[in-house]
Each structure stands twice: as structure tokens, then as C-alpha cells.
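S.K.: Just the structure for this:
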Amino acid sequence: MLNFIYYPVSAILWFWHKAFGFVFGESSGIAWTLAVIFLVFTLRALLYKPFVHQVRSMRKMQEFSPEIQKLKKKYGNDKQKMAAEMQRLQKDHGVNPVGGCLPVLVQVPVFIGLFHVLREFRPGKTENYVFDAAGVQSFNEAHIFGAKLGATLVHFGPYNELTPPLSAFNTTPAQMLVVMVPLMIMAGAFTHLTARHSVARQPAAQLENPQTAIMNKLTLYLFPIGVVVGAPFLPLAILFYWVANNLWTLGQQRVVYNKIDMEEAEAATKKTEVRRDLAPKVGQKPIRERKQGAKPNSQSNSQPSNSDKPADDGDQDGKPATKPGAKPIAPRKSPNGTGGKSGSNGAAPHLIDPKKRGRKR
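M.R.: Sure thing, here's the model as predicted:
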């Protein structure tokens with residue numbers, strides 16, 4: 001039914017087994033272990049860009065989380081209206097929630113496909129999708145310190161063709177535990193570290209949500225414990241897959257998160273520099289916009305004001321100065337017709353000799 005998944009997984013595993021088998025030997029446990037690990041790395045490399053898109057979508061969701069809270073308060077009882085407003089909000093911010101879940105959704109069928117392909121490496125099988133009888137026999141002969149990659153330490157129910165006993169793989173429980181216990185601890189530790197790194201990126205407002213707090217505790221503690229408890233029920237090769245997958249996820253998270261943090265820091269620095277360039281300098285008055293209809297004062301820009309010019313009351317002879325092009329002011333005539341001069345001789349009163357002035361009296 002799921003051959004469209006089984007064949008690609010089997011083909012990638014076959015390719016890496018041929019590559020490492022050329023160096024270490026086709027029946028070498030190291031070659032098969034590295035083939036499983038690089039199968040994980042190949043699939044995760046193909047999902048790198050969707051993972052980056054997922055992180056960016058989560059960041060955008062965090063940015064407009066206050067708007068989501070407002071919508072919940074406004075349309076809490078109207079689920080249909082709430083869904084429509086959420087879609088509109090996500091469209092306005094360029095967020096695709098389905099695209100953000102793509103890496104997780106793709107890993108599930110890949111894990112199922114790998115689990116099925118590894119289980120088909122049973123003793124006595126003549127083919128396994130891309131692998132022929134020689135490839136199946138090579139996998140069953142491969143071991144790490146005596147522990148066979150296709151063997152399962154514990155399983156439910158009686159042994160059958162799908163779950164052959166350890167004796168069918170020519171191994172013992174002690175040999176399996178020597179390799180399986182360190183892998184179990186590593187798988188649980190990497191699962192916990194990966195979950196802790198994801199929780200640390202959540203905003204404070206989201207951490208205060210009771211539902212979020214419960215999910216964080218499950219991912220931090222229950223999932224790692226589940227990996228350790230369920231490891232003996234899985235083929236040994238699946239444990240190598242789990243450890244490699246979590247190790248890749250942990251490293252990828254650090255690289256992607258640091259890259260996005262640097263991009264956001266650079267964007268914030270550019271905004272700060274733009275605001276600094278537009279802001280007035282120290283001691284400089286801000287330039288106000290001229291009102292509409294106001295005439296520009298050309299004299300204030302090109303000529304000095306009257307207050308800056310020296311007072312010019314007259315020329316050196318005491319005559320009043322006249323502006324260029326102005327008509328001369330005629331002297332005012334007195335009532336006696338002397339042309340504005342007082343006194344008998346037409347002289348100004350302050351120029352008459354005091355002695356003559358006294359004689360007239």
C-alpha cells in the first residue's frame with residue numbers, strides 16, 4: 001500500500017550502503033550503521049528549507065499573538081467567525097500554518113517506511129524492495145560488537161516470521177544490551193535537549209498559557225522517557241536512526257535560530273540607523289514646515305535685516321539722508337512767510353546773537 005514510501009527509503013539506504021560498503025565491506029556493521037545514519041541526513045537535508053519556513057512562520061505567529069488574543073475575546077463564542085478572522089490575519093501576515101507543520105508531517109511516513117524496510121530484512125528473505133537476496137543476507141550478518149542491527153531485544157506475543165527470536169540472528173541479550181543501553185540514553189538525552197531548545201524559544205506570554213505549560217512538560221520529560229522505555233521493542237537500527245535524527249535536529253535548530261536572530265538584529269540596527277539619520281542633530285532646531293499661503297521672506301535670506309544695519313540719520317553735514325529715488329522734502333513754511341525760518345533776518349532762533357536779541361527787547 002505504501003510502496004511509494006518504501007521504495008524511495010530502500011533506494012536511499014541501498015545507495016549509502018554501497019558507498020560505505022566499498023570502504024568497510026558490504027557485510028560490515030559500520031557500513032550498514034552509517035548507511036542508516038546518512039539516510040536520516042539525506043532526508044533531513046531535503047527538509048531543510050521547509051524547516052526554516054516553519055521557524056519563520058512560528059516567529060510571525062508570535063509577533064501577532066496579541067491580535068489573536070483580541071480576536072478570541074471578540075469572537076470567543078462564534079467559532080466560524082473566529083476561524084474566518086484567523087485565516088484573514090494569517091493571510092495578511094503571510095503565515096501558512098500547514099507549511100509550518102510540513103517537516104513534522106513528512107518525518108512520520110519516513111519513520112514508518114524505514115521501520116518497515118528494516119523489519120523486512122528477516123532471515124530467509126530473498127528480496128526487500130530494492131535489495132536482493134545478497135543484500136538481505138549482508139544486513140543479517142552485519143553487527144556492532146555482536147549486536148545485530150535487525151534484532152529486537154523485547155517484543156510482545158510469540159515469535160514468528162515477523163518477529164524472529166534473537167537466536168535467529170545469532171546474537172544474545174547481553175550483546176544487544178551492550179550496544180542498546182548507550183543508544184537508549186543518548187536517544188532520551190537528545191530528545192530532551194531538542195525539546196528544551198524549542199521551549200526556550202517560546203515567548204513569555206505563551207509560556208503562561210496552562211495548555212502550553214502542559215505540552216511543554218510532556219515534550220520535555222514524557223517523550224524522552226517514552227523513547228528510553230520503548231527502545232527495547234525496536235530494532236537496533238531504529239535506535240541509530242532515532243539518535244541521528246535528534247542529533248541533526250538539535251544542530252539544525254541552533255544554526256537556523258542563530259541565523260534568524262542575526263537577521264533580526266541587523267534589521268533592527270538598520271532601523272535604528274535610519275531613525276538616527278532622520279533625527280535633528282544636537283543643538284539644531286527642527287525644521288518646521290511652512291504654512292500654505294505664507295510668502296517666503298526673500299530679504300531675510302539674501303539681505304541683512306534693518307536691525308543689523310547701522311543707523312543712518314543723515315550725512316556728514318547734518319542733512320537728512322534721503323533714499324535713492326525719493327523726492328526731497330521741502331522746508332515747511334512759517335506763518336510769516338519766512339520759509340520756516342524764525343527771526344527778523346530769517347535766521348533760526350537758536351542762531352541769533354543773544355546781544356541782538358536783548359537790544360530788540
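S.K.: what about R122, helix or strand, and which?
M.R.: Assigned by DSSP states H and E, R122 belongs to neither a helix nor a strand.
S.K.: Isn't it up against T152?
M.R.: No: look at R122 against T152 with Cβ atoms under 8 Å: they stay out of range, at 11.3 Å. C-beta coordinates here come from the backbone N, C-alpha and C atoms, glycine included.
S.K.: Return the helix or strand in this protein with minimum mean pLDDT.
M.R.: Taking mean pLDDT, DSSP states H and E as the measure, the chain has helix 298-302 as its least confident helix or strand, at a mean of 45.
S.K.: Might you list the low-confidence residue ranges for this protein?
M.R.: Per-residue confidence for the chain (pLDDT under 70) gives these ranges: 1, 61-65, 76, 78, 90, 93-104, 156-163, 202-209, 281-361.
S.K.: for it, longest helix please?
M.R.: Assignment by DSSP state H gives helix 236-278 as the longest helix of the chain.
S.K.: What helices and strands are in contact with that helix?
M.R.: helix 29-46, helix 48-63, helix 102-119, helix 173-200 (3 or more Cβ pairs under 8 Å, 6 or more residues apart in numbering; DSSP states H and E).
S.K.: Save the ones you listed as JSON lines, and put in distance to A147 too.
M.R.: JSON lines is the format used below for the helices and strands packed on helix 236-278 (distance: least, Cβ to Cβ, whole Å):
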{"stretch": "helix 29-46", "distance to A147": "8"}
{"stretch": "helix 48-63", "distance to A147": "32"}
{"stretch": "helix 102-119", "distance to A147": "14"}
{"stretch": "helix 173-200", "distance to A147": "4"}
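S.K.: Tell me which of those helices sits most buried.
M.R.: Across the helices and strands packed on helix 236-278, averaging neighbours per residue (mean count of other Cβ atoms under 10 Å) puts helix 29-46 on top, at a mean of 20.
S.K.: what's in contact with that helix?
M.R.: With contact meaning Cβ atoms under 8 Å, 6 or more residues apart in numbering, helix 29-46 is reached by 9, 12-13, 16-17, 19-21, 23-25, 106-107, 110, 114, 138-139, 142-144, 149, 237, 240-241, 244-245, 248-249, 252.
S.K.: Surely V228 is in a helix?
M.R.: Yes: membership of V228 in a helix is supported by DSSP: H, G, I helix; E, B strand; the rest coil.
S.K.: who's in contact with it?
M.R.: Contacts for V228 were tallied using Cβ under 8 Å, 6+ apart; they are M184, I185, A187, G188.
S.K.: again, but for L250
M.R.: With contact set as Cβ under 8 Å, 6+ apart, L250 has these partners: F190, L193, T194, H197.
S.K.: Apply 10 Å and report the result again.
M.R.: Contact analysis of L250 by Cβ atoms under 10 Å, 6 or more residues apart in numbering lists A189, F190, T191, L193, T194, A195, R196, H197, S198.
S.K.: Which pair of those spans the longest distance?
M.R.: A189 and S198 (15.2 Å; Cβ to Cβ).
S.K.: follow-up on the earlier one: now for the helices and strands packed on helix 236-278, which one comes closest to P224?
M.R.: Among the helices and strands packed on helix 236-278, the nearest to P224 by Cβ to Cβ is helix 173-200 (4.2 Å).
S.K.: when you compare where the closest one runs with where helix 29-46 runs, what's the angle?
M.R.: Interaxial angle, helix 173-200 versus helix 29-46 (axes from the mean of the first three to the mean of the last three Cα atoms, to 10 degrees): 20 degrees.
S.K.: Which elements pack onto helix 173-200?
M.R.: If contacts are counted by 3 or more Cβ pairs under 10 Å, 6 or more residues apart in numbering; DSSP states H and E, helix 173-200 sits against strand 143-144, strand 147-148, helix 204-207, helix 210-217, helix 223-230, helix 236-278.
S.K.: Quick check: which of those is nearest to N128?
M.R.: Of all the helices and strands packed on helix 173-200, helix 236-278 sits nearest to N128, with 12.9 Å by Cβ to Cβ.
S.K.: picking up where we left off before, what would the contacts of V228 look like in JSON lines with distance to K70?
M.R.: JSON lines is the format used below for the contacts of V228 (distance: Cβ to Cβ, whole Å):
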{"residue": "M184", "distance to K70": "46"}
{"residue": "I185", "distance to K70": "46"}
{"residue": "A187", "distance to K70": "42"}
{"residue": "G188", "distance to K70": "41"}
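S.K.: Report the two of those separated the most.
M.R.: Pairwise distances among the contacts of V228 were taken by Cβ to Cβ; the largest, 7.4 Å, belongs to I185 and A187.
S.K.: Tell me the residues that contact both of the two, please.
M.R.: Both I185 and A187 are contacted by V227, V228, A231, V243, under the criterion Cβ under 10 Å, 6+ apart.
S.K.: Buried ones among those residues?
M.R.: V227, V228, A231, V243 (16 or more other Cβ atoms under 10 Å).
S.K.: Mean neighbour count, the helices and strands packed on helix 173-200: which tops it?
M.R.: Neighbour counts (mean count of other Cβ under 10 Å) averaged over each of the helices and strands packed on helix 173-200 peak at strand 147-148, with a mean of 24.
S.K.: State the pair within the shared contacts of I185 and A187 that is farthest apart.
M.R.: Across these (Cβ to Cβ), the longest gap, 12.0 Å, separates V228 and V243.
S.K.: what's the overlap in contacts for those two?
M.R.: Residues touching both V228 and V243 (Cβ under 10 Å, 6+ apart) are L183, M184, I185, M186, A187, G188, A189, T191.
S.K.: Name the nearest of these relative to E67.
M.R.: For the shared contacts of V228 and V243, the residue nearest E67 by Cβ to Cβ is T191; the value is 33.5 Å.
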